[in-house]
Structure formats: C-alpha cells, structure tokens
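Sequence plus the predicted model coming up.
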Amino acid sequence: MTVYVGNLSYQATEDDLQEVFKEYGSVKRIQVPTDRETGRMRGFAFVEMDKEEEEDAAIEDLDGAEWMGRTLKVNKARPRTERRPSGNRGGGGGGWGGGGGGRDRGY
C-alpha cells in the first residue's frame with residue numbers, strides 16, 4: 001500500500017519526506033510528481049513503506065499536522081485508474097488536451 005501526502009509546500013524535497021516518514025518505519029520509495037512544463041513540484045507525493053502498520057501510524061500522526069507552513073492531508077493512496085480518452089477523438093491518446101485558447105501555434 002502507498003500513502004498519499006497532499007498540500008505539501010513547494011519547497012519540500014524527497015529528502016525532507018524521507019526524514020519525516022522514517023520516524024514511522026522503513027521507507028521503500030518516495031515519488032514526488034513534478035509539472036511537465038515547469039519542472040516544479042505539484043504539491044503532493046506518494047510514500048511507500050515496508051509495512052501497512054507503519055503507514056497507518058504515519059497517517060494517524062501526520063494527517064492534519066502542520067509542516068513547512070502547510071496543513072498536510074495524509075491518507076491511503078487510491079489505486080491508479082486508467083485514463084479514458086475524452087471527447088470524440090475515437091480512441092487512444094493523442095490530441096492537444098485542454099484549453100489554451102487563442103494561441104497561435106505557428107502552422
């Protein structure tokens with residue numbers, strides 16, 4: 001199982017999260033998603049620990065706690081679901097994605 005950590009400070013690093021979560025047990029993996037365009041942290045992370053009991057203890061203590069000036073949202077991560085294509089594109093991927101209106105793409 002994996003723990004979702006939301007409402008993170010944009011200054012938080014993987015090492016910062018490692019320090020906090022190692023107090024609850026052995027951390028197997030930390031994922032800190034970043035924005036594709038800016039490379040900036042997106043304000044949430046996923047922490048995988050060795051034992052479910054360790055994750056439960058971390059969730060109990062850290063959910064609602066203030067850290068780096070933010071109130072954390074910590075809970076069990078939901079399983080990732082497969083994304084379905086939107087609109088009438090007729091199947092798999094591609095397309096430009098949302099918004100952006102009125103930009104000249106130069107072609």
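That came in fine, so what should we check first?

can you list the residues that contact the longest helix anywhere in the chain?
Using DSSP state H to define each element, the chain has its longest helix at helix 52-62. Residues outside helix 52-62 that contact it (Cβ atoms under 8 Å, 6 or more residues apart in numbering) are 1-3, 5, 20-21, 24-26, 47, 49, 72, 74-76. All C-beta spots, glycine's among them, are computed from the backbone N, C-alpha and C.

Of those, select the buried ones using a ChimeraX command.
Command for ChimeraX that selects the buried part of those, burial taken from 16 or more other Cβ atoms under 10 Å:
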select :2,3,5,20,21,24,25,47,49,72,74
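
Among the contacts of helix 52-62, which one lies nearest to residue 36?
Of all those, residue 5 has the smallest distance to residue 36: 20.5 Å, by Cβ to Cβ.

The closest residue to the closest one other than its chain neighbours is in what secondary structure piece?
Leaving aside its sequence neighbours, residue 5 sits nearest to residue 45 (Cβ to Cβ, 6 or more residues apart in numbering; 4.8 Å). Applying DSSP states H and E as the criterion places residue 45 in strand 44-49.

Compute the inter-axis angle for that strand and helix 52-62.
On the basis of axes from the mean of the first three to the mean of the last three Cα atoms, to 10 degrees, strand 44-49 is oriented at 140 degrees to helix 52-62.

Now do strand 44-49: distance to the chain's middle.
In terms of Cα atoms, centre = their mean, to the nearest Å, the centre of strand 44-49 is set 7 Å apart from its chain centre.

ok, residues contacting that strand?
Defining contact as Cβ under 8 Å, 6+ apart, one finds that strand 44-49 is touched by 1-8, 12, 14, 17, 21, 24-33, 55, 58, 77.

Just the ones of the residues you listed in helices?
Using DSSP H, the contacts of strand 44-49 in helices are 14, 17, 21, 55, 58.

Among the residues you listed, name the buried ones.
Buried, going by 16+ other Cβ under 10 Å: 17, 21, 55, 58, out of the ones in helices among the contacts of strand 44-49.
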